[in-house]
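A.B. asks: Compute the structure for the input listed below.
(chains A and B)
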Amino acid sequence: MKRRDLLLAVIALLMLWQVAAMLLRQPILPSPIAVAGVFWRELSSGELGEHFLVSLWRVLASTFLAILIAAPLGVILGQSQRLNNLLSPVIYLTYPIPKVVLVPIVLLFFGIGDLPKIVIIFLILFFQILVLVRDQAAAIRPELIQSVRSLGAGRRALFRYVYLPASVPAVLTALRLSVGTAVAVLYVAELFATQRGLGYYIYYSGSTLFDYAAMYAGIVALSMMGLGLYFIVDWLERRIAPWQFAR
Amino acid sequence: MIQLDHLTYNYGQGIPIFQDFSWEAHDGEAWAILGPSGCGKTTLLYLLAGLRAPTAGKILIDGQPLERPRPHTGLILQDYGLLPWATVLQNAALGLRMRTFYGPDGKHAPKDFQPTENVNTWLERLGLTAQADKYPGQISGGQRQRTAIARTLVLEPDLLLMDEPFSSLDAPTREDLQNLTLELWAEQKLTLIVVTHAIEEAAILGQKILLLAPPPNIHPLVIENPEACTPLFREMPEYLDICRELRRRMEIG
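C.D. replies: Purely as a prediction, here's the structure:
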C-alpha cells in the first residue's frame, strides 16, 4: 500500500464523519473539527496524554511478557511431538475461549491497578503467539534440521540458528492478528476498578460528564494507539523478517 | 576409510532395510549409491552422516566408530537445506558460525579448528559473488545447490555425502553441477558418496556403484565403473555400456 493512498483514505473517512455530523446536528456526534480541538486541549492540559500513556504501558508490558514466555514455549512444543501431544488438548480447549469474559475473574484475583489489565491482554496474546509459533516450529522441514545438524549443530545451536529465527515471522503474525483484540480488551478491562487509562477516560467522559467531544477524543486516542501498534508490527516485519518480502 | 561392519537397520518392527550388511569404501573414491525408491539409499546416507544410529553392527570411519555427525563429513541434500531467512553469504558461513559457537571441542567442531574467513573465496569459486546478499528464495535451484556446496566445502571436509543433490534441477544445470562436483572431488581429494535414483547420474559420478535392492539388503552389489570421472565420459561408449548394465540389473532386482 502506498502512503498516499492511506492518506487519501484517512481524508475520506474524516469527510464522511464531517458530513454525518453536519446532517445529524446532535451533541452525540460532534464534528471531527470539534473533536480535534478538544483532543488538542485535553492532550496539552495533560490529562488525555496521561491516560494514553497508562494504556500504552499496559499493552506494551503484556505484549513483551507474552512474547517472552509464549515464543520459547511454542518452539519447545513445536520441537517435541511428545510434549505437544500432552499439552495440545489443553491448548485446544482454552484457545477459543474469548478471554474478555475472564475479566471479572482476573479482577477478583489480581485486584485493582495495572496488573489485572496486563494479565488479561497477556492471556490473549499468549495463546495466539504460542499456537502460531508452535505450528511454525513443527513445520520446519526435517531436511533443514538434518543438514544443519550435519554442520555440527547440537540442541543449543539448532535453537539459536534454526528454531529461534524461524519463529520470528510467527510472533509478528500473531501480533498483527491480535493487536486489535488486545486494544479492544484493554478498553473493556479499563472500564472496571480503575481511574486511569483510555477506557476509563472514554467511559467517564461519556456517561458521567456527558462531554461527548472528550469521549470522542478518547476514542480517537485509543484508535490511534491500535493503528500505531499495527504500523509498528508492519515496520518490524520488514525490518527483522526481510526475507519474506524479497522476491 | 568407511567400513560398515555387519550393519543392521530397521524402522520399527518391519523388514530390516539392511541386515548383516558389510561394505567398505576407501579414501578418495567416488561412489554412487543407486536403487529404486524405498531401497534404503537415503537411510544409508543418513547412517553414514551420523544422523541415524544402526540397530546392530558398526559404522567405522577412519577406524573410529561413528556415533554423531562427524566434523569432517559434509552433507548435501536435495533441497530445503538452506536457511530461508539467511542470505547466501550467511548460509555459506553457517558451518563456520556453528564451529565458533561451540569452539573446537572435537564433537561439534574439529579439535584443531581455526576460524577462517574463506567464505568469500568459495562464493567466488562457485560463481555466487553476485548472489551473496540474496535470500535462497530469490535465486535459482542451481545457485541454491552451489550455496550448499560452498557451505560444506568451507569446512574442509574429507568425506562428502550427497542425497539426490541435483534431482530437482533442469538437465543443463544438472550436468553443469555434476561436472563441478567431479572437479571439486579431484581438487579437494574428497571421498564422494552420492545417492541417486537416476542411472545416468550414477554412471557419471560413481567410479564404483553400490546397487541396492528392495529390503532387506544383505550382500552389497558393487559395479565397477573405472572410466567415470574422466572428461567427456558422457560421450564415450563405456558410458552407454554402464547405463545399459545398470538398467538391466535394476530390472532383475
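
A.B. asks: measure the spatially most central residue of chain A to B:His219 for me?
C.D. replies: Nearest residue to the geometric centre of chain A (Cα atoms, centre = their mean): A:Val179, 2.2 Å. Applying Cβ to Cβ, to the nearest Å, the value for A:Val179 to B:His219 is 64 Å. From N, CA and C alone the C-beta is placed, and that goes for glycine too.

A.B. asks: Assign B:Lys134 to helix, strand or coil.
C.D. replies: At B:Lys134 the chain is in coil, as set by DSSP: H, G, I helix; E, B strand; the rest coil.

A.B. asks: roughly how far apart are the spatially closest residue to it that is not a sequence neighbour and A:Ile202?
C.D. replies: For B:Lys134, ignoring the flanking residues on the chain, the nearest one in space by Cβ to Cβ, 6 or more residues apart in numbering or on different chains is B:Val88 at 5.7 Å. Look at B:Val88 and A:Ile202: by Cβ to Cβ, they are 52 Å apart.

A.B. asks: So for the two, which residue has more residues nearby?
C.D. replies: When B:Val88 and A:Ile202 are compared for neighbours, B:Val88 comes out ahead with 28 against 23, by other Cβ atoms under 10 Å in any protein chain shown.

A.B. asks: ok, that one touching B:Gly137?
C.D. replies: No. In this structure B:Val88 lies outside contact range of B:Gly137 using Cβ atoms under 8 Å: 11.1 Å.

A.B. asks: count of neighbours near residue 51?
C.D. replies: In the absence of a named chain, chain A is used. Close neighbours of A:His51, defined as other Cβ under 10 Å, add up to 24.

A.B. asks: switch to chain B, that's the one I care about
C.D. replies: A count of nearby residues for B:Leu51, using other Cβ under 10 Å, gives 18.

A.B. asks: For it, which residues are in contact?
C.D. replies: Contact analysis of B:Leu51 by Cβ atoms under 8 Å, 6 or more residues apart in numbering or on different chains lists A:Gln146, A:Arg149, A:Ser150, B:Pro69, B:Leu75.

A.B. asks: Domains in chain B, by residue range?
C.D. replies: Chain B breaks down into these domains under automatic domain parsing: B:1-72+B:158-253, B:80-156.

A.B. asks: now the shortest one, how far from the centre of its chain.
C.D. replies: This points to domain B:80-156. How far domain B:80-156 lies from its chain's middle: 16 Å, per Cα atoms, centre = their mean, to the nearest Å.

A.B. asks: Quick one: end-to-end distance for that domain.
C.D. replies: For domain B:80-156, the first-to-last residue distance is 22 Å (Cα to Cα, to the nearest Å).

A.B. asks: Quick one: mean pLDDT for that domain?
C.D. replies: Across domain B:80-156, pLDDT averages out at 89.

A.B. asks: What of stretch A:89-98?
C.D. replies: Here stretch A:89-98 scores 88 as its mean pLDDT.

A.B. asks: again with stretch B:199-218
C.D. replies: For stretch B:199-218, the per-residue pLDDT averages 90.

A.B. asks: coming back round to it: columns distance to A:Ile219 on top of the domains of chain B, output as TSV?
C.D. replies: Putting the domains of chain B into TSV (distance: least, Cβ to Cβ, whole Å) gives the following:
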stretch	distance to A:Ile219
domain B:1-72+B:158-253	55
domain B:80-156	39
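
A.B. asks: between the ones you listed, which one is nearest to A:Leu186?
C.D. replies: Of all the domains of chain B, it is domain B:80-156 that lies closest to A:Leu186, at 32.0 Å by Cβ to Cβ.

A.B. asks: Chain B against chain A: which residues are in contact?
C.D. replies: Proximity of chain B to chain A, by Cβ under 8 Å from any Cβ of the partner chain, involves residues B:46, B:49-51, B:69, B:71, B:73-86, B:94-95, B:97-99, B:101-102, B:107-109, B:134-135, B:137-138, B:148, B:151, B:155.

A.B. asks: among the residues you listed, which are in strands?
C.D. replies: The strands in this structure, assigned by DSSP state E, contain B:Thr73, B:Gly74, B:Leu75, B:Ile76 from those.

A.B. asks: With neighbour count and pLDDT as added columns, please give those residues in TSV.
C.D. replies: Shown next, in TSV, are these (neighbours: other Cβ atoms under 10 Å in any protein chain shown; pLDDT from 0 to 100):
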residue	neighbour count	pLDDT
B:Thr73	23	92
B:Gly74	28	92
B:Leu75	26	93
B:Ile76	22	92
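
A.B. asks: Is the top helix by length along chain A positioned near chain B?
C.D. replies: Longest among the helix segments of chain A by residue count, using DSSP state H, is helix A:47-79. No. Looking at helix A:47-79 against chain B by Cβ under 8 Å from any Cβ, there are no contacts, and the closest approach is 14.6 Å.

A.B. asks: tell me what that helix is packed against?
C.D. replies: Counting contacts by 3 or more Cβ pairs under 8 Å, 6 or more residues apart in numbering or on different chains; DSSP states H and E, helix A:47-79 is packed against helix A:32-44, helix A:81-94, helix A:114-138, helix A:164-189, helix A:198-207, helix A:212-240.

A.B. asks: how about the longest one against chain B, any contact?
C.D. replies: Meaning helix A:212-240. No. On the criterion Cβ under 8 Å from any Cβ, helix A:212-240 is out of touch with chain B, staying 9.5 Å away.

A.B. asks: Mean confidence (pLDDT) on that helix, please.
C.D. replies: Helix A:212-240 comes out at a mean pLDDT of 92.

A.B. asks: Low-confidence stretches in chain A?
C.D. replies: Within chain A, the segments meeting pLDDT under 70 span A:247.

A.B. asks: Show me which residues of it sit near chain B.
C.D. replies: A:141, A:143-144, A:146-154, A:156-157, A:160-162, A:165-166, A:168, A:241-243, A:246-247.

A.B. asks: of the residues you listed, buried ones?
C.D. replies: Buried subset of these (neighbour count, 16 or more other Cβ atoms under 10 Å in any protein chain shown): A:144, A:146-154, A:157, A:161-162, A:165-166, A:168, A:241, A:243.

A.B. asks: Just the element for B:Leu192, please.
C.D. replies: Using DSSP states H and E, B:Leu192 sits within strand B:191-196.

A.B. asks: what's the offset of that strand from the middle of its chain?
C.D. replies: Distance, stretch centre to chain centre, for strand B:191-196: 4 Å (Cα atoms, centre = their mean).

A.B. asks: how about the strands in the stretch 151-253 of chain B?
C.D. replies: Using DSSP state E, counting those that start in this stretch, the strands of the stretch 151-253 of chain B run over residues B:159-163, B:191-196, B:208-211, B:221-224.

A.B. asks: In the last one, which residues are buried?
C.D. replies: Buried residues in strand B:221-224, counted by 16+ other Cβ under 10 Å: B:Ile223.

A.B. asks: Now do the same for B:Thr8: helix, strand or coil?
C.D. replies: Three-state call for B:Thr8 (three-state DSSP): strand.

A.B. asks: Spit out the contact partners of it.
C.D. replies: B:Thr8 neighbours (Cβ under 8 Å, 6+ apart): B:Pro16, B:Phe18, B:Gln19, B:Asp20, B:Phe21, B:Pro54, B:Thr55, B:Ala56, B:Gly57.
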